[in-house]
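Q: Fold the following.
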Amino acid sequence: MTKPERVPITRELLTSARFARSKYQEYLEQQRREAEKVKRDRIEREEDRKRKEEEDKKQAKTFKDLKTLEGDLDKANKDFLSKRNAIEKLSKQANESLKNALDKNDMDGVRVAQGMLDGVESMEGKAKEAERKVQDLQKKIDKRKSFLLSSIAPKKPKND
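A: Down below sits the predicted model:
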């Protein structure tokens, strides 16, 4: 059997050992870099997944809010149209009552017709408020639809 203590330590052996050690250090460094890259990639994928999940939740909430707003808009629109219809009917009745009262020279009838016309003016103010509500709801709906469309559309890649 050969004994290791009898191996002569030469300059070539030392150079070879240094070279082998430096190659092994390079190999370890390469392994460390690859492990870090794998870790970074995994973290990026997880962050992307979380970001996508948050965007999906936000889209779902916006879509739900949009449906609610559309329901509110429908109700507000019906309310506005109902008020407009009532104003037209009351205005027509008031004018007919005023005409009949004037034809009969009935001052009490004239006062009643005038009261009806005053009521029409009050109702017109409420109808304008209802119309503004309809317009505001429509603006909100348009904004939500715009957000949904922009979040669905493909995004341009970032230029680093």
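
Q: And the nearest residue to Ser91 once chain neighbours are set aside, what's its pLDDT?
A: Leaving out its chain neighbours, the residue that sits closest to Ser91 by CB to CB, 6 or more residues apart in numbering is Val120, at 4.8 Å. For the C-beta atoms, the positions are set from N, CA and C on the backbone; glycine is no exception. Per-residue confidence for Val120 comes out at a pLDDT of 89.

Q: repeat for the one 10 residues further on
A: We have a pLDDT of 90 for Ala130.

Q: go on, Arg6?
A: pLDDT, Arg6: 80.

Q: Tell me the helices and strands packed up against the worst-scoring helix or strand of the chain on mean pLDDT.
A: None of the helices or strands of the chain scores lower by mean pLDDT, DSSP states H and E than helix 107-152, at a mean of 88. Counting contacts by 3 or more CB pairs under 8 Å, 6 or more residues apart in numbering; DSSP states H and E, helix 107-152 is packed against helix 11-104.

Q: what does the average pLDDT come to for the helix it packs on?
A: 92.

Q: Compute the inter-axis angle for that helix and helix 107-152.
A: Angle, helix 11-104 to helix 107-152, by axes from the mean of the first three to the mean of the last three CA atoms, to 10 degrees: 170 degrees.

Q: which residues touch stretch 61-72?
A: Applying CB atoms under 8 Å, 6 or more residues apart in numbering, the contact partners of stretch 61-72 are 137, 140-141, 144-145, 147-148, 151.

Q: let's go with 6 Å and repeat that
A: For stretch 61-72, the surrounding residues in contact (CB atoms under 6 Å, 6 or more residues apart in numbering) are 137, 140-141, 144, 147-148.

Q: out of those residues, which are buried?
A: By neighbour count, with 16 or more other CB atoms under 10 Å, the contacts of stretch 61-72 hold 137, 141, 144, 147 as buried.

Q: Now Thr10: phi and psi?
A: phi -110, psi 170 (degrees, to the nearest 10).

Q: Let me see the contact set for it.
A: By CB under 6 Å, 6+ apart, Thr10 lies in contact with nothing.

Q: If we use 10 Å, what do you get?
A: Neighbouring residues of Thr10 by CB atoms under 10 Å, 6 or more residues apart in numbering: Ser16.

Q: Hmm, Thr15 and Ile9 touching each other?
A: No - contact criterion CB atoms under 10 Å: Ile9 and Thr15 do not qualify, at 11.3 Å.

Q: follow-up on the earlier one: which of the contacts of stretch 61-72 lies closest to Gln93?
A: Closest approach to Gln93 among the contacts of stretch 61-72 (CB to CB): Leu137, at 31.1 Å.
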